[in-house]
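Participant: coords please:
(2 chains)
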Amino acid sequence: MSDDSPPVAPPPAASPPEPRLAEPPADLPSDDPPAAALAEAAEEIATAAPAPAPKHAPEPEPVAGKRPLVHRHHWIVRLAHWANAVLLAGMIASGLQIYGAFTHFGPRGRTYFPNPFDGKSFPHWSRLGGWLAGGLNWHFALAWPFVVTGLVYLLYMFFSGEWRTLLFRPRDVPRAWQMQLYYLKLRKEHPPQGKHNALQKGAYSFILVLGVLSVASGFAIYKPAQLSWLTAFFGGYELARYWHFWAVFLFLAFTLVHVSLVLLVDPASLRAMITGWYRGRFPSHD
Amino acid sequence: MTERRLSRRDLFRLGLVAGPASLAVACGWDGGPTLRPTLRAASLLNDWVGEKVLLRPGHLAPTYPRRARTPEGAFPAYSISRPLPTLEDPDEWTLEVGGLVKTPMSLTLEMIQALPRLTYTVKHHCVEGWTAIATWTGAPLSAVLAMVEPTAAARYLRFDSFDRGYSNGWDMASAHHPQTILAYAWNDRPLTPAHGAPLRLYSPLKLGYKLTKFLTGITFTAERPGGYWEDQGYPWLGGV
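Facilitator: Numbering: from 1, shown residues only, chains lettered A, B, ... in the order given. This next block holds a predicted model:
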């Protein structure tokens, strides 16, 4: 990757990438909306047919060098992101192992809470720990770096002011609606955006809240007597365990959508999350 | 090579493969001989946090009204021995309290029942994730501690049983907790063999596997004692 390593063309900090904000409609490959691309990709994979040339008009492949190379993510953000991806996978896999020891929710001797996985264990390949004690030890060992990573990230976001680019606020509600209209092809032009569009802000804010709630409900299950006030906040031990479990599926759903959209809508952002440098179609700063 | 060579479609395919592949790595792995000791070390850190940071000596676990009790048939009762361990001659049974104490004692059930009596209805937390509520009656362990007077060197307690050598190690702070009792009654009736007759350790501040049933002795030690499940990898403190 040394051929276009960042130091060669550091972006002039004095001129913000303002034009990016103003010209999205012409800039965006309108002939290649995510849904169409997804369907096409899925079809291709299903038929395993070699695809020498796309059927539609030549893809507006961004020419390297034309767009400015901008620094998009601080190393703390990148480190936190990837550490979190690994740690969360470990937390979920060991959590599924722990779940197998008692595959219901609710107190003994009462009707169990609704749960599509009631009485079922998760497949062997998805579990980490081998048995209950192994799952617990993994879960409790990974919990510390998971919490520390989250705290470091939140502190960075707060003190750097970056939280402004990411936090979903009331004014983002109409913007999110416009963005949704665009995705549904009910609006032609891509709404103007900063580093993240309003739907992204909503998704990323939601996942941070989910992370905090997962840690909090985890502590509520871990020490229901010592932290009885926290356990009571979640409606008691059994409900805290229930919410802790559902968080898994929200995390998985988020990850699926997140990865799909990165790959389909803005693959350049994947590089940005690895190296920090971005040469894509969206603004990198608010 | 540059990432330009990876088309959007290639990346999508990669994602489809990499997702399940990264999950498949888990595969019920317990860390193996390399990582297992590290995990145990992390577990010791958690024990330390649980005992020194999260355990508040004066904080009582929530109690419940008697009507909140779990139906008796639905309250699981675990033991190592099958069938349930029972005493050949219950009248011969005594609790041997010794080790690092000033006054070692041999206590009969009558002596324990003559001590101050504590009854509470609390939630039982099993390490497996289930809970059940019952009423327990017994003598506060702190009353026994006051009688035998542990020496300054005593830092831990080992609880022994006649359930095929099932035993547990406890920290001193949890032993002193006001809700830690030597229980001889369950749901207002004498303890049954299923729940550890004639005497078991009970506390709403510990997971079920720390609450030794079928007690035979309490030994005060300077070194941290192991335990039946703890030696196999379960967290040592087991505090809730």
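Participant: helices of the chain, start to end?
Facilitator: In the absence of a named chain, chain A is used. A:18-22, A:24-27, A:34-47, A:75-99, A:132-160, A:163-166, A:172-183, A:198-222, A:228-233, A:237-265, A:268-275 (DSSP state H).
Participant: can you look at chain B instead?
Facilitator: B:8-24, B:32-48, B:109-113, B:141-148, B:172-176.
Participant: enumerate the residues of the stretch 151-286 of chain A near chain B.
Facilitator: A:222-228, A:237-238, A:241, A:259-260, A:263-264, A:267, A:270-271 (CB under 8 Å from any CB of the partner chain). Every C-beta, even on glycine, is put in place using the N, C-alpha and C of the backbone.
Participant: count the residues that sit near B:A152.
Facilitator: Other residues within reach of B:A152, judged by other CB atoms under 10 Å in any protein chain shown, total 7.
Participant: ok, A:L199 touching A:Y182?
Facilitator: No. Counting by CB atoms under 8 Å, A:L199 stays clear of A:Y182, with 9.4 Å between them.
Participant: how close does the closest residue to chain A within chain B get to A:H104?
Facilitator: Using CB to the nearest CB, B:A74 is the residue of chain B that sits closest to chain A, at 3.0 Å. Distance, B:A74 to A:H104, by CB to CB, to the nearest Å: 12 Å.
Participant: ok, those two, which is more surrounded?
Facilitator: A:H104 (19 against 13).
Participant: count the neighbours of the nearest residue to that one once chain neighbours are set aside for me.
Facilitator: Nearest residue to A:H104 in three dimensions, chain neighbours excluded: A:Y112, at 4.3 Å (CB to CB, 6 or more residues apart in numbering or on different chains). Residues lying near A:Y112 (other CB under 10 Å) number 15.
Participant: for A:Y112, what are its contacts?
Facilitator: By CB atoms under 8 Å, 6 or more residues apart in numbering or on different chains, the residues touching A:Y112 are A:H104, A:F105, A:G106, A:D118.
Participant: so which residues of chain B form strands?
Facilitator: Here chain B has its strands, by DSSP state E, at B:95-99, B:105-107, B:118-125, B:131-140, B:156-161, B:167-171, B:181-186, B:189-190, B:200-202, B:215-221.
Participant: deepest in the core, which of those is it.
Facilitator: strand B:200-202 (a mean of 26; mean count of other CB atoms under 10 Å in any protein chain shown).
Participant: just to revisit the earlier point, okay if I get the strands of chain B as a markdown table plus mean pLDDT and distance to chain A?
Facilitator: Below are the strands of chain B laid out as a markdown table (pLDDT from 0 to 100; distance: least, CB to the nearest CB, whole Å):
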| stretch | mean pLDDT | distance to chain A |
| --- | --- | --- |
| strand B:95-99 | 97 | 26 |
| strand B:105-107 | 97 | 27 |
| strand B:118-125 | 98 | 6 |
| strand B:131-140 | 97 | 4 |
| strand B:156-161 | 97 | 19 |
| strand B:167-171 | 96 | 13 |
| strand B:181-186 | 98 | 15 |
| strand B:189-190 | 96 | 18 |
| strand B:200-202 | 97 | 13 |
| strand B:215-221 | 97 | 22 |
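Participant: right, and the ones you listed - which one's nearest A:H139?
Facilitator: Ranking those by proximity to A:H139 (CB to CB) places strand B:118-125 first, at 15.9 Å.
Participant: summarise which helices and strands that closest one is packed against.
Facilitator: Under the contact criterion of 3 or more CB pairs under 8 Å, 6 or more residues apart in numbering or on different chains; DSSP states H and E, strand B:118-125 touches strand B:131-140.
Participant: CA atoms only: put the strand it packs on into PDB for me.
Facilitator: Only the C-alpha atoms of strand B:131-140 are listed here, as PDB (Å, rounded to 0.1, in the frame of the first residue of the first chain):
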ATOM      1  CA  THR B 131     -33.300 -18.800  40.100                       C
ATOM      2  CA  ALA B 132     -35.700 -20.100  42.800                       C
ATOM      3  CA  ILE B 133     -37.100 -18.600  46.000                       C
ATOM      4  CA  ALA B 134     -37.300 -20.400  49.300                       C
ATOM      5  CA  THR B 135     -37.400 -19.700  53.000                       C
ATOM      6  CA  TRP B 136     -34.300 -20.700  55.000                       C
ATOM      7  CA  THR B 137     -33.800 -20.900  58.700                       C
ATOM      8  CA  GLY B 138     -30.500 -21.300  60.500                       C
ATOM      9  CA  ALA B 139     -27.800 -19.900  62.800                       C
ATOM     10  CA  PRO B 140     -25.700 -17.000  61.600                       C
END
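Participant: the residue nearest to A:H104 and A:A240: what is the separation?
Facilitator: Taken as CB to CB, the span from A:Y112 to A:A240 is 15 Å.
Participant: also A:P123?
Facilitator: 26 Å.
Participant: next one: A:V148
Facilitator: In terms of CB to CB, A:V148 sits 22 Å off from A:A240.
Participant: cool, and B:C126?
Facilitator: Applying CB to CB to B:C126 and A:A240 gives a distance of 15 Å.
Participant: low-confidence ranges, the stretch 1-150 of chain A, go.
Facilitator: The stretch 1-150 of chain A contains residues with pLDDT under 70 at A:1-65.
Participant: for chain B, what is the nearest residue in it?
Facilitator: Closest point on the stretch 1-150 of chain A to chain B, by CB to the nearest CB, is A:G109, at 3.0 Å.
Participant: contacting residues for the closest residue to that residue other than its chain neighbours?
Facilitator: Among residues not flanking A:G109 along the chain, B:A74 sits closest, at 3.0 Å (CB to CB, 6+ apart). Going by CB under 8 Å, 6+ apart, B:A74 touches A:R108, A:G109, B:A132.
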